[in-house]
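**Student:** sequence plus predicted model, see below.
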Amino acid sequence: MSESGTNPQREALLGELAGRVGDERVLEAIAAVPREAFVPEDVRGEAWGNHPLPIGHGQTISQPLIVARMCELLELRGDERVLDVGTGRGYHAAVLARLAAEVVSIERDATLSSHARDALAAAGVANVTLVVGDGWEGHPPRAPYDAVNVAAAAPDVPPALTEQLADGGRLIIPTGGRRQWLVRVRRRGDTLERSRLDEVRFVPLVAGASNDAT
């Protein structure tokens, strides 16, 4: 912390994002969510850097710019139900929770989901429901969703996720192999409109729930 009580790393990040993300609600959400609450203690000093960080179990917390960009592409107004696939420690879900009315976040690893529960509570986030399960299958009991956010890469868009989109709903997912791109799918009735957007790099979306899931 500086003598004025501000975090220079945080201020630098917010300044960088302001030049690259046009949605003011997204910028405000990034500014409001304490990223340090969602990373392990040994990397909290780097929490406001614009880069991914390890969170254990072979997973990472995404680069803030990518989180902001994915949220921007979802075009959230504040009244939506969002499915978040790949909770990790809950950072992306916490940002989405400031942009939508309700977030259902699914994670295959029960230990990570437990860490997310603690972090979300510490950050005062109350409108996220955590589910342990297979992200490839989404979470049909709460469908349809106005938006679906997927924070891990798949070779292609899982059909179960598009099936759970409401009419007019948007889905953002990284797809590909060695090279990956964000793909946005928009449902219009029975038609799915698909656009390939930014090149990115994510850990893979693994099918099934882990053995310690409860």
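**Tutor:** Nice, I can see it.
**Student:** residue 129: how many residues sit nearby?
**Tutor:** Taking other CB atoms under 10 Å as the criterion, the count of residues near residue 129 is 14. From N, CA and C alone the C-beta is placed, and that goes for glycine too.
**Student:** is it fair to say it lies in a helix?
**Tutor:** No. Counting by DSSP: H, G, I helix; E, B strand; the rest coil, residue 129 falls outside a helix, being strand.
**Student:** going forward, begin numbering at 41 instead of 1
**Tutor:** Sure, I'll start counting at 41 from here, so that last one is residue 169.
**Student:** how about it, nearest residue that isn't a chain neighbour?
**Tutor:** Setting aside the residues directly before and after it, residue 169 is nearest to residue 144 in space (CB to CB, 6 or more residues apart in numbering), at 4.9 Å.
**Student:** quick check: beta-bridge partners of the one you found?
**Tutor:** residue 123, residue 169 (DSSP bridges).
**Student:** who touches it in this structure?
**Tutor:** Contacts for residue 144 (CB atoms under 8 Å, 6 or more residues apart in numbering) come out as 121-124, 168-169, 171, 179, 182, 185.
**Student:** these, buried ones only, as a PyMOL selection?
**Tutor:** To isolate the buried ones among these in PyMOL, judged by 16 or more other CB atoms under 10 Å, type:
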select buried, resi 121+122+123+124+168+171+179+185
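**Student:** and which of the contacts of residue 144 is nearest to residue 230?
**Tutor:** residue 185 (16.9 Å; CB to CB).
**Student:** what bridges to that closest one?
**Tutor:** residue 205.
**Student:** which residues touch it?
**Tutor:** By CB under 8 Å, 6+ apart, the neighbours of residue 185 are 120-123, 144, 178, 204-206, 209.
**Student:** count the neighbours of residue 157 for me.
**Tutor:** Neighbours around residue 157, by other CB under 10 Å: 15.
**Student:** can you list the weak-confidence ranges in the protein?
**Tutor:** The chain contains residues with pLDDT under 70 at 41-45, 249-254.
**Student:** for it, which segments count as strands?
**Tutor:** With strands called from DSSP state E, the chain shows them at 93-96, 99-101, 121-125, 142-147, 168-172, 185-190, 205-216, 220-228, 231-240.
**Student:** so which residue is dead centre in the chain?
**Tutor:** residue 132 (3.4 Å; CA atoms, centre = their mean).
**Student:** from residue 66, how far off is that residue?
**Tutor:** Look at residue 132 and residue 66: by CB to CB, to the nearest Å, they are 12 Å apart.
**Student:** residue 224 too?
**Tutor:** Counting by CB to CB - residue 224 and residue 66 are separated by 15 Å.
**Student:** same question, residue 233
**Tutor:** Taken as CB to CB, the span from residue 233 to residue 66 is 22 Å.
**Student:** of the two, which one has the most company?
**Tutor:** More neighbours surround residue 66 than the other of residue 233 and residue 66, with 24 against 10 (other CB under 10 Å).
**Student:** if we can go back for a sec, what's the residue nearest to the centre of the chain in contact with, if anything?
**Tutor:** Contacts of residue 132 (CB under 8 Å, 6+ apart): 102, 107, 110, 124, 126, 189, 191.
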